[in-house]
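Novice: No letters, just coordinates:
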């Protein structure tokens, strides 16, 4: 019953989306507003229907309606209430519903926000969004139907993948998908711009804030994913260059490039073609990411191994790329640049270099990810490149990008004179050199770490210089300090939002550098009362206990941690799920600003007389999460409506 | 040199550097996927391999005090002895698929630096055998902990 109702609604939504897309297109072409209005109603209808589908599936999960196959496979009676919710999107079918729902939500917001203000571009953007939505609904009906009947109805379900029983898993896909689907809006307006031939600034102005929103959610999704990996997977890391991580990272890189190159087009009317291409690329990469995740072409922890859906996504990706490139070729003349670069030493150049480096990074990530496929096709041998490849190639790129983060916001437009350079960069460069020297004196012997600190000090100094100067100018006008700073930030919210995001990225980069350079680990088998020592910590094994939870059985080790004085007891565990062949590790840790102490329980003797424990002291990792919070603050500020226009 | 040329030269330098970095990165960190049979046929000591196979029943030895783990991987035609220092990962066991990364040592074994147990991505309903094992485990642990 539930299954039939859900499937019926999906089918109606698909028909409505196809109709709406066509109506919006025809309405835009013939100028018949009635058709566009009808498409709007269709979009609203699609949104309501997908919301109903989503609610129905959630209800089926909460009520343990095992007559729906997807429910029976992804939850069971023992699953606690709050983990039944992420079960809804814990596997392929549900994740497609979540994706479609968000896409429909964005579509409705686009309708509400832009139907009156962007008369030319809006109908085509609506047509594009409904077209993409129709594709996802097609996937939901044909390739990955969440609403399939299960007969006979089983008494209990199989249960959720235990790794997903975590709050990080409730939020990580939501944030990431909001980012992925958010990239559709700029893409839709870019298509509208190409179709109407209005490739000027209108579409950019309309989509700028959308791009920041999508970029922010992508960042958040990546960060929460890192946190999940760090505290659930039990290998002590937050990023593994796994194909699926890469799939989310690539659109983030090209999206970041777009957010910067937009500014050049706004200011100098250059790079129109480049901007359009970046938007097309970013959107295509989100589709490619889904293809990678869902098709199982590349083995990964995340893949769900589904054959047909891969072909469907690949075909759609090809269709999108062909259409978009065809349109670009058609509008080639209009996309030609009106401005010209004046000098190699200018803000335009700095931004251009930033873009080239970001796209280069995206390319290397892409290359490394698909390398096994390439080598098998070309040379017939299966070869993969792992984390060393990605680190080796990307570290110099990212270091240069961080350096540019200091240069870009301050250097003069058009042509930077020597005077301008000295005025803006003398002190930051001095500070950078001082930071590197200080790091050396304090015992840092890693060139990479020293360079990172130098770059960070340099960027920090430029941000402080810029903010200090602007504040001083306001103080001279008679304002007092705090209102001056507040007013500045509020009035130039995009600029200072951006600078705060830079600060966040800087903090994240320091956390990454520190954890890569200075983390240490050891592994030992201990008898009760014995202790392992690492980096000034003493970890004593006190014994094992066992507990039965609602849906699993848990063996817990108790370890007393001390560094001269007792810090507390950490309890890493192993969880045994009946539906799993093997236990799942449950890590325990003590987070700190300087370092985290992180314990993973390995093998243990059933009589409790010995246990193997992996002990890690991970340095500066907390700064990655702190940087994420700073980044959030900056992104929120940048999303706020522009005050300057109103003031 | 005029401006246009400067940008062209700059672009070429960046592209060249990137191409070199990618080339160097690939040659230095390439890992070859092989089966036990392929490794036996042509093993180059020191080269990085990712070896996939099934853990031969009865071959798994785990010495908790010294953290020495050894087992044999098989693809049905050939077998390769593997040694590793560290705890066997979750999802690892005899008669299961495993992928190990490391290199061939001239003494005649594969030294693994990393062990990846092969997930079966679909989560299966519990087999009777594993249910029994699970029940037994609960019993033992309960008995011991009380």
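Specialist: Great, that's in hand. Keep in mind that this is a model prediction, so the values were computed, not measured.

Novice: Just confirm residue A:310 contacts residue A:290, I think it does.
Specialist: No. Between residue A:310 and residue A:290 no contact is recorded; they are 9.7 Å apart, counting by CB atoms under 8 Å. In this view, the C-beta of every residue, glycine as well, is placed from N, C-alpha and C.

Novice: who has more neighbours, the two?
Specialist: Per other CB atoms under 10 Å in any protein chain shown, whichever of residue A:310 and residue A:290 has more neighbours is residue A:290, with 24 against 19.

Novice: how far out from the middle of the chain is the host helix or strand of residue A:123?
Specialist: Taking DSSP states H and E as the definition, residue A:123 sits inside helix A:122-138. Relative to its chain's centre, helix A:122-138 lies at 23 Å (CA atoms, centre = their mean, to the nearest Å).

Novice: elements contacting that helix?
Specialist: Here helix A:122-138 touches helix A:2-30, helix A:33-62, helix A:92-114, helix A:184-196, going by 3 or more CB pairs under 8 Å, 6 or more residues apart in numbering or on different chains; DSSP states H and E.

Novice: can you rerun that using 10 Å?
Specialist: helix A:2-30, helix A:33-62, helix A:92-114, helix A:167-182, helix A:184-196, helix A:202-232, helix A:272-295, helix A:307-330 (3 or more CB pairs under 10 Å, 6 or more residues apart in numbering or on different chains; DSSP states H and E).

Novice: right, so of those, which gets closest to residue B:86?
Specialist: Of all the helices and strands packed on helix A:122-138, the one in closest proximity to residue B:86, counting by CB to CB, is helix A:202-232 (19.4 Å).

Novice: quick one, the closest one and helix A:92-114 angle?
Specialist: 150 degrees (axes from the mean of the first three to the mean of the last three CA atoms, to 10 degrees).

Novice: Okay, buried residues for helix A:202-232 please.
Specialist: Across helix A:202-232, burial judged by 16 or more other CB atoms under 10 Å in any protein chain shown covers A:202-204, A:206-232.

Novice: State the mean pLDDT of the helix holding residue A:123.
Specialist: Here helix A:122-138 scores 96 as its mean pLDDT.

Novice: Give me the buried positions along it.
Specialist: A:122-138.

Novice: and if you look at stretch A:408-424?
Specialist: A:408-412, A:415-416, A:421, A:424.

Novice: So which residues of chain B form strands?
Specialist: For chain B, the strands defined by DSSP state E cover B:30-34, B:48-55, B:61-63, B:68-74, B:79-85, B:97-105, B:109-117.

Novice: what about the fourth one, near chain A?
Specialist: The reference is to strand B:68-74. Yes. Residues of strand B:68-74 contacting chain A under CB under 10 Å from any CB of the partner chain: residue B:69.

Novice: Just confirm residue B:43 contacts residue B:106, I think it does.
Specialist: Yes. Using CB atoms under 10 Å, residue B:43 makes contact with residue B:106 at a distance of 9.2 Å.

Novice: Compare the two (neighbour count), which wins?
Specialist: residue B:43 (19 against 8).

Novice: Look up the pLDDT of that one for me, please.
Specialist: As predicted, residue B:43 sits at a pLDDT of 82.

Novice: Now do the closest residue to it other than its chain neighbours, the pLDDT please.
Specialist: Leaving aside its chain neighbours, residue B:43 sits nearest to residue B:104 (4.1 Å; criterion: CB to CB, 6 or more residues apart in numbering or on different chains). In this model, residue B:104 is scored at 92, pLDDT.

Novice: Contact partners for residue B:104?
Specialist: Going by CB atoms under 10 Å, 6 or more residues apart in numbering or on different chains, residue B:104 touches B:34, B:39-40, B:42-49, B:51, B:80, B:110-111.

Novice: what about 8 Å?
Specialist: Under the criterion of CB atoms under 8 Å, 6 or more residues apart in numbering or on different chains, the neighbours of residue B:104 are B:39, B:43-47, B:49, B:110-111.

Novice: And the buried ones among the residues you listed, selectable in ChimeraX?
Specialist: Selection of buried members from the contacts of residue B:104 for ChimeraX, criterion 16+ other CB under 10 Å:
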select /B:39,43,49,110
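
Novice: Let me know the closest of the contacts of residue B:104 to chain A.
Specialist: residue B:49 (10.2 Å; CB to the nearest CB).

Novice: hang on, the closest one packs against residue B:99?
Specialist: No. Residue B:49 lies out of contact with residue B:99 (CB under 8 Å); the separation is 10.3 Å.

Novice: can you give me how far stretch A:338-357 is from the chain middle?
Specialist: 27 Å.

Novice: anything in that stretch near chain B?
Specialist: Yes. Residues of stretch A:338-357 contacting chain B under CB under 8 Å from any CB of the partner chain: A:341-344, A:353, A:356-357.

Novice: tell me, how many neighbours does residue 80 end up with?
Specialist: Using chain A. Other residues lying near residue A:80 total 10 when counted by other CB under 10 Å.

Novice: other chain: chain B
Specialist: 25.

Novice: contacting residues for it?
Specialist: Going by CB under 8 Å, 6+ apart, residue B:80 touches B:36, B:39-40, B:51, B:53, B:72-74, B:109-110.

Novice: can you rerun that using 6 Å?
Specialist: Going by CB atoms under 6 Å, 6 or more residues apart in numbering or on different chains, residue B:80 touches B:36, B:39, B:73, B:110.

Novice: what do you get for residue A:544?
Specialist: Counting by CB under 6 Å, 6+ apart, residue A:544 has contacts A:557, A:608.

Novice: what are the bridge partners for it, then?
Specialist: residue A:557 (DSSP bridges).

Novice: do residue A:588 as well
Specialist: Beta-bridge partners of residue A:588, as defined by DSSP bridges: residue A:599.

Novice: Let me know whether it touches residue A:598 as I believe.
Specialist: No. The criterion here is CB atoms under 6 Å, and residue A:588 misses it with residue A:598 at 8.0 Å.

Novice: Counting neighbours around each, name which of these two comes out higher.
Specialist: Remark: of residue A:588 and residue A:598, residue A:598 carries more neighbours, 25 against 21, as counted by other CB under 10 Å.

Novice: Identify the residue nearest the geometric centre of the chain.
Specialist: Chain wasn't specified; assuming chain A. Geometric centre of chain A, nearest residue: residue A:218, 2.8 Å, by CA atoms, centre = their mean.

Novice: Please refer instead to chain B.
Specialist: Per CA atoms, centre = their mean, the C-alpha nearest to the average position across chain B is that of residue B:100, at 2.1 Å.

Novice: I'd like to know how far that residue sits from chain A.
Specialist: Distance of residue B:100 to chain A, computed by CB to the nearest CB, to the nearest Å: 13 Å.

Novice: give the contact list for that residue.
Specialist: Residue B:100 makes contacts with B:51, B:82, B:112, B:115, as judged by CB under 6 Å, 6+ apart.

Novice: Look up the residues forming beta bridges with it.
Specialist: Applying DSSP bridges to residue B:100 yields these beta-bridge partners: residue B:51, residue B:115.

Novice: what does the one 5 residues further on give?
Specialist: Under DSSP bridges, the beta-bridge partners of residue B:105 are residue B:109.

Novice: What lies in contact with stretch A:437-444?
Specialist: A:450, A:453.

Novice: in chain B, which helix has the most residues?
Specialist: Ranked by residue count under DSSP state H, the longest helix found in chain B is helix B:3-29.

Novice: Determine how far that one lies from the middle of the whole chain.
Specialist: From the chain centre to the centre of helix B:3-29 is a distance of 33 Å (CA atoms, centre = their mean).

Novice: That helix near chain A at all?
Specialist: Yes. Applying CB under 6 Å from any CB of the partner chain, one finds helix B:3-29 touching chain A at B:6, B:14, B:18, B:21-22, B:25-26, B:29.
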